[in-house]
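[1] this one's structure only:
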């Protein structure tokens, strides 16, 4: 019994090991590698990716999946074994659809485009990026054709980051809460003088920032026996096993937020990986299930916990002890308001909780329209600015602060942005269910006790790894699909208090 | 023209890339990895090693080597192309001789033996390591049979670390200089009161040790744009490309030598790798040619340069500036003598230049006799102690300080030790030729100018990578085979002055 399954598992473990090795090389490149190492590293990563792809898309995988499916006939849908075969079958079907020359063409186009984009952004000159982006959009339309889609080409791209969701579903979710966000922000703007966040913009010793932030995420439950933290220009989390999870952070000497909320955010991703069941580790199911669910974990710890009053009730005295000169006289209310300031910003990565999803909706509208052939790359700056004014009431002063700000499109990541917004929605949806199950969670947090929440997340989300897609998982936990009701209610409650609305 | 060669090169680059990826994972494990990561890392390394081995020993390699040899017919022996085919052909012939189940058996036996050895050493109880070592010796005898050998089984093992050298040659080299070492040490012992090294054993701030040692090896010419330095329990050097070379160091807060001479030693290995020709990088020829030649580079920088008077004429003022309290009153002569103290020690890794090779000869005699079936594992402690007394005039007080001290046999590394001694000999042999070509080298060193020497090493040794084996390389450079004459003369000259003999 389960003999074929063991053979399949050994095969899949090899492929996973190759992918994890790539992750180690990538982490090293971003945190440790001397500048000279770049060319050889690119070649090493290319070899690992190609061999992994060949091994996975070869005959052996198809045969083992088929034999194992036969062997497992009748096993439970949510068993490790059935889930392994079901999810890997979908991975396989996607992987074999992309011809090697298409993958190579995308790799080449994006390698070239990245430098072109960086230069165009620096020079504030969209036209010099235009043809590189046109090439990428063409390739992504081609990719959608290779992959196939139920309704429109953008579905295929979206599915690469958030399996099982369609463009129509995203559009509907966005349409429901967009007017509510726009209204909320307009109201907040009328009360903007209620909040002053200048206390966060002072000189803060970076070693002390780091020590404090590490203590916080250790308190949350990130296990440093099974992980570590390093510096990088662009913060990220990665894992080589559920027992080896790496976080990175950047620090600013005159602004506290990147250290504090950046560390909590990456630790949220990291605890998700640390919580995956040991039995799934080193297999295709070992890891978070989708970008949206991953982002729900990072945003939950960063915002719902990390920007909450109960949390700072516990943590502020410690932060004041670390920075007595800067924060000695600050009271809880002032601090809580400062970290929750709402300020429409041109830049997505600087956006607060209230405006963030609007930034995403703008990108979703544009990229889905580009893939549908309804918006031309050449018209992007104009289309961007029109929407920005409609959504936020302000117009970007330059393309650098507008359409050129994000790296994603230059990397071929089209269909990726929506997952950020879905993550925000899911964070509130999951948290509501958690406090419904354990009403003590907010008071536990106010006492620096985070394991009630973390255990709930581990049991309901983390342990399952990639067994269920976002929709399946969300239905299992909350009884309904992803929705924006909980997130909007959370924002309205929070900001009504903060801004005295 | 050279079409087949390009195909071969692409194939070999893939294999090299897999091996380099393993090196990254290994470096990470020893310098960065959190404890929890060990199990997954072992599995990742096993997958990479197996896939690399399969790819290299497969039909494709044999066919491409044959086709390319045909295509290159008539090309120069020392061309990149001919060397690639010649050396890779030898690598291939060795690799295919070892059956997978033998490799697995060695891997299993050594995994088990390592912990058994560590415990036995800790408990000072050889008998509890005996059966594990017997198993390893049996497997190594078996390995020699698989590999084949010109004269005796130990040849085959030696060849794995120092291609092209035989047991008889090593024995002859050792026989020639053993009596001279024994005599030198006996004379030094009579003048032992000439040297006091207590100034090296004081409290030294570790950050300052690190800064000083990094400055020194930067001065030598180790390029930190193409390399870095980290901490590890056991210092080592590794490379992922000639442009990405990693050194590790350990520091002691009350002894200067591990920082100073350890860093110089590893930088010597590292500069060798950084000096390999770009055209060979990422191929089987990219890297030092043998353990002996590698050790010649580390020992040259550590000892011939780093323990020389000209060097400290330049460096001591800087060291005194870093540690004014500890070394402010020390003069060059006192310091120079202290770092060159000769003290027969039971422990190889603590040995000075005069006694080091005797430690190796003892191990060479024992391990070659074990492989020849002339010494039984059970008799090792007795055989060890008898020899130790004959060589050094002192008897180890325990097996922990004797036969159990080294990790090598527990890892299956039999045939490896001789390369340390060969490295010492080669360091003097190469250095003599370098100063013959550039008589200014000693005075350059006295002025902190190291590029005359480094350029000579790059031109004569480093750039060739693995194109020539140690003997070929040494003949090309010095016109003769490896010999002990230069090393003995170097020691006699040096210690006569230091000990006033």
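    Nice, thanks for sending it over. No experiment lies behind these values; they were computed from the predicted model shown.
[2] Could you list every helix and strand in contact with the lowest-mean-pLDDT helix or strand in chain A?
    None of the helices or strands of chain A scores lower by mean pLDDT, DSSP states H and E than helix A:100-123, at a mean of 91. With contacts taken as 3 or more Cβ pairs under 8 Å, 6 or more residues apart in numbering or on different chains; DSSP states H and E, helix A:100-123 sits against helix A:38-57, helix A:127-147. Where you see a C-beta, it was placed from the backbone N, CA and C, and this is true even at glycine.
[3] Can you tell me what sits against the last one?
    The contact list for helix A:127-147 (Cβ atoms under 8 Å, 6 or more residues apart in numbering or on different chains) reads A:94, A:97-99, A:102, A:105-106, A:109-110, A:112-113, A:116-117, A:119-121, A:153-157, A:159-160, A:370-371, A:373, A:377-378, A:380, A:404, A:409-410, A:412, A:414-415.
[4] Weed out the non-buried ones from these.
    Neighbour-count burial (16 or more other Cβ atoms under 10 Å in any protein chain shown) applied to the contacts of helix A:127-147 gives A:94, A:98, A:105-106, A:109-110, A:113, A:116-117, A:120-121, A:153-157, A:159-160, A:370-371, A:377, A:380, A:404, A:409-410, A:412, A:414-415.
[5] Now for whatever residue of the stretch 51-200 of chain A ends up closest to chain B: which residues touch it?
    As assessed by Cβ to the nearest Cβ, chain B sits closest to residue A:51 within the stretch 51-200 of chain A, at 6.7 Å. Contacts for residue A:51 (Cβ under 8 Å, 6+ apart) come out as A:18, B:14, B:18, B:51.
[6] which two from those end up farthest apart in space?
    Within the contacts of residue A:51, A:18 and B:14 form the most distant pair, 12.3 Å apart (Cβ to Cβ).
[7] more neighbours, those two?
    Counted by other Cβ atoms under 10 Å in any protein chain shown, residue A:18 and residue B:14 do not tie: residue A:18 has more neighbours, with 25 against 22.
[8] can you tell me how far the more buried one sits from chain B?
    Per Cβ to the nearest Cβ, to the nearest Å, residue A:18 is found 7 Å from chain B.
[9] So for the host helix or strand of that residue, what gets flagged as buried?
    Assigned by DSSP states H and E, residue A:18 belongs to helix A:3-31. Neighbour counts over helix A:3-31 (16+ other Cβ under 10 Å) mark A:4-5, A:7-9, A:11-31 as buried.
[10] hang on, the earlier thing: so can I have JSON lines of the helices and strands packed on helix A:100-123 showing mean pLDDT?
    Shown next, in JSON lines, are the helices and strands packed on helix A:100-123 (pLDDT from 0 to 100):
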{"stretch": "helix A:38-57", "mean pLDDT": "94"}
{"stretch": "helix A:127-147", "mean pLDDT": "97"}
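[11] can you pull out the strands in chain A?
    Here chain A has its strands, by DSSP state E, at A:227-231, A:237-241, A:244-249.
[12] Quick check: which of these is buried the most?
    Highest mean neighbour count of the strands of chain A: strand A:244-249, a mean of 26 (counted as mean count of other Cβ atoms under 10 Å in any protein chain shown).
[13] just the residues of chain A that are near chain B, which are they?
    A:13-14, A:17-18, A:20-22, A:24-25, A:28, A:32-37, A:39-41, A:43-44, A:46-48, A:50-51, A:223-228, A:240-241, A:243-244, A:281-282 (Cβ under 8 Å from any Cβ of the partner chain).
[14] Swap in 6 Å and give it another go.
    Selection of chain A residues close to chain B by Cβ under 6 Å from any Cβ of the partner chain yields A:14, A:17, A:20-21, A:24-25, A:28, A:34-37, A:40, A:44, A:47-48, A:225-228, A:241, A:243-244, A:282.
[15] Need the strands of chain A in a markdown table (columns: mean pLDDT).
    Formatted as a markdown table, those follow (pLDDT from 0 to 100):
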| stretch | mean pLDDT |
| --- | --- |
| strand A:227-231 | 97 |
| strand A:237-241 | 98 |
| strand A:244-249 | 97 |
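[16] Kindly reformat those as a markdown table containing distance to residue A:185.
    Formatted as a markdown table, the strands of chain A follow (distance: least, Cβ to Cβ, whole Å):
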| stretch | distance to residue A:185 |
| --- | --- |
| strand A:227-231 | 34 |
| strand A:237-241 | 30 |
| strand A:244-249 | 29 |
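[17] Among the ones you listed, which comes closest to residue A:66?
    Of the strands of chain A, nearest to residue A:66 by Cβ to Cβ is strand A:237-241, at 28.8 Å.
[18] Surely residue A:357 and residue A:420 touch.
    No: when contacts are counted by Cβ atoms under 6 Å, residue A:357 is not listed as touching residue A:420 (8.0 Å).
[19] More neighbours: which of these two?
    residue A:357 (27 against 21).
[20] Where does the stretch 401-501 of chain A get nearest to chain B, residue-wise?
    residue A:465 (14.3 Å).
[21] Phi first, then psi, for that residue.
    Dihedral pair for residue A:465: phi 50, psi -130, per degrees, to the nearest 10.
[22] what's near enough to touch it?
    Counting by Cβ atoms under 6 Å, 6 or more residues apart in numbering or on different chains, residue A:465 touches A:276, A:280, A:285-287.
[23] What is the burial count for residue A:63?
    Residues near residue A:63, counting by other Cβ under 10 Å: 14.
[24] any idea of the pLDDT on it?
    Looking at residue A:63, its pLDDT is 97.
[25] What of residue A:485?
    pLDDT, residue A:485: 98.
[26] what about it, distance to residue B:254?
    Residue A:485 sits 65 Å away from residue B:254, taking Cβ to Cβ, to the nearest Å as the criterion.
[27] Next: residue A:13.
    46 Å.
[28] Residue A:480 too?
    Applying Cβ to Cβ to residue A:480 and residue B:254 gives a distance of 66 Å.
[29] now residue A:355
    Counting by Cβ to Cβ, the gap from residue A:355 to residue B:254 is 58 Å.
[30] For the spatially most central residue of chain A, give me its contacts.
    Of all residues in chain A, the one closest to the mean position by Cα atoms, centre = their mean is residue A:295, 3.9 Å from it. Neighbour list for residue A:295: A:419-420, A:423 [criterion: Cβ under 6 Å, 6+ apart].
[31] excluding its backbone neighbours, what's nearest residue A:229?
    Excluding the flanking residues, the one nearest residue A:229 by Cβ to Cβ, 6 or more residues apart in numbering or on different chains is residue A:247, at 4.6 Å.
[32] From chain B, how far off is the one you found?
    11 Å.
[33] Could you list everything that residue pairs with in the sheet?
    Beta-bridge partners recorded for residue A:247 (DSSP bridges): residue A:229, residue A:237.
[34] Excluding chain neighbours, what is closest to residue A:492?
    residue A:184 (6.5 Å).
[35] and what of residue A:166?
    residue A:155 (5.1 Å).
[36] Could you pull up the contacting residues of that neighbour?
    Residue A:155 touches A:149, A:166-167, counting by Cβ under 6 Å, 6+ apart.
[37] roughly how far apart are it and residue B:126?
    In terms of Cβ to Cβ, residue A:155 sits 69 Å off from residue B:126.
[38] can you check residue A:493 too?
    From residue A:493 to residue B:126 the distance is 72 Å (Cβ to Cβ).
[39] Among the two, which residue is more densely surrounded?
    For the pair residue A:493 and residue B:126, the greater number of neighbours falls to residue B:126 (22 against 10), based on other Cβ under 10 Å.
[40] Can you report how many residues neighbour the nearest residue to residue A:252 once chain neighbours are set aside?
    Using Cβ to Cβ, 6+ apart and skipping residues adjacent in sequence, the residue nearest residue A:252 is residue A:258, 5.2 Å away. Look at residue A:258: counted by other Cβ under 10 Å, it has 16 neighbours.
[41] Kindly report the same for residue A:199.
    17.
[42] Ok, the one 3 residues further on next?
    The number of residues packed around residue A:202, counting by other Cβ under 10 Å, is 14.
[43] Please tell me how far it sits from residue A:179.
    38 Å.
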